[in-house]
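[1] 3D, please:
(one chain, ligands or ions: 1)
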Amino acid sequence: MSFLVPKSLIRIKQIIAVTGLFLIFFVVAHLAGNLTFFAGADVFNGYAKKLQNMRPFLNFFEFVLFLIFIFHMYLTVFLIIRKRKVRPVKYSVQKSSAQRSFSSRLMTLTGPIIFIYIVLHLLDYTFSSHEGQATVVNGKSLGLYGLVFNSFSSLRHSLWYIFSMVAVGLHLDHGFQSFFQTFGIYSSKYGGFLKKFSRIFSICITLSYVTIPIYAYFLNHYGNDQVIKVGVLDESKL
Ligand code: HEM
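    Now for the predicted structure:
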């Protein structure tokens, strides 16, 4: 695959930044869909079903997303190895290592955590059956909603999700700043604003995502039948 890698380190950084930006778009769109979880089983399953109905297009989109994800990781590993040989990599605005933020220093840790998270996440929900015992809530089969709801009855699973969402937030925080830096937008004039914007954006993303495992965990353990909007999995309505 090395024939796909440009010679210039700054060009590699630019491709990492652009592929990262596409992944951020996905994370935001996915969050919007996931938040329908709060509206109950019918709405959440209806949303998932609508996506399934777009299948040929969705397959193409998922394939492109997969390629972008792999390319983003491959180039990052490539860059880390090259950086060890050739230093320093020229940013449009250079930063000293003392100025590197917490999220920046954690980049090589949060990246692999997100990779492991996505593999396990796909096994949890995408490549698992959306029918059967795992989807049953209060005696009713609730499809994908039931699967997600029941999975968060486990404290370990919920904490793993919360931990991973924090890793996603930290990765986004630095990723966003790095994007602006790579394209030279991170000047001293806008630097402060862009830094704040990246921080607030990633905190919002993390907090919004973690509401789902927290809500589902507490609903599982402390919710009563009235609070749990179970609905009935009515295929004809989807
Ligand atoms: C509380 C957090 C999350 C929940 C409850 C959640 C839920 C889900 C569910 C239910 C699916 C299966 C959709 C289907 O089969 O129709 C899915 C798929 C997927 N999720 Fe998540 N997700 C979460 C966070 C994330 C994050 C942060 C990422 C990326 C970093 C992510 C990446 C993906 C990918 C790549 C897929 C497969 C593609 C797709 O079906 O759209 N998820 N997620």
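
[2] from here on, contacts and neighbour counts on C-alpha atoms
    Noted.

[3] below-threshold pLDDT in this structure: ranges please.
    In the predicted model, the chain carries pLDDT under 70 at residues 1-3, 86-101, 103, 224-238.

[4] if I look at L58, how far off is the ligand?
    8 Å (Cα to the nearest ligand atom, to the nearest Å).

[5] the nearest residue to P6 once chain neighbours are set aside: neighbour count?
    Using Cα to Cα, 6 or more residues apart in numbering and skipping residues adjacent in sequence, the residue nearest P6 is I12, 6.2 Å away. Here the number of neighbours of I12 (other Cα atoms under 10 Å) works out to 18.

[6] list the contacts for I12?
    5-6, 75, 79 (Cα atoms under 8 Å, 6 or more residues apart in numbering).

[7] any idea how far the host helix or strand of it is from the middle of the chain?
    Counting by DSSP states H and E, the element that carries I12 is helix 9-34. With Cα atoms, centre = their mean, to the nearest Å as the basis, helix 9-34 stands 10 Å off its chain's centre.

[8] list the buried residues for it?
    The neighbour-count check on helix 9-34 (16 or more other Cα atoms under 10 Å) flags 9-10, 12-21, 23-24, 31, 34 as buried.

[9] what segments of this protein are strands?
    Taking DSSP state E as the criterion, the chain carries its strands at 136-137, 140-141.

[10] the first one pairs with which strands, parallel or anti?
    Sheet pairing for strand 136-137, assigned by DSSP bridges, gives strand 140-141 (antiparallel).

[11] scan this protein for its longest helix.
    helix 188-222 (DSSP state H).

[12] follow-up on the earlier one: could you pick out which of the buried residues of helix 9-34 are near the ligand?
    With the criterion set as Cα under 6 Å from any ligand atom, the members of these near the ligand are N34.

[13] which bits of the chain sit near the ligand?
    27, 34, 48, 118, 122, 125-126, 165, 209-210, 212-213.

[14] sorry, back to before: got the contacts of I12 as TSV, with neighbour count columns?
    Shown next, in TSV, are the contacts of I12 (neighbours: other Cα atoms under 10 Å):
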residue	neighbour count
V5	16
P6	13
L75	19
L79	20
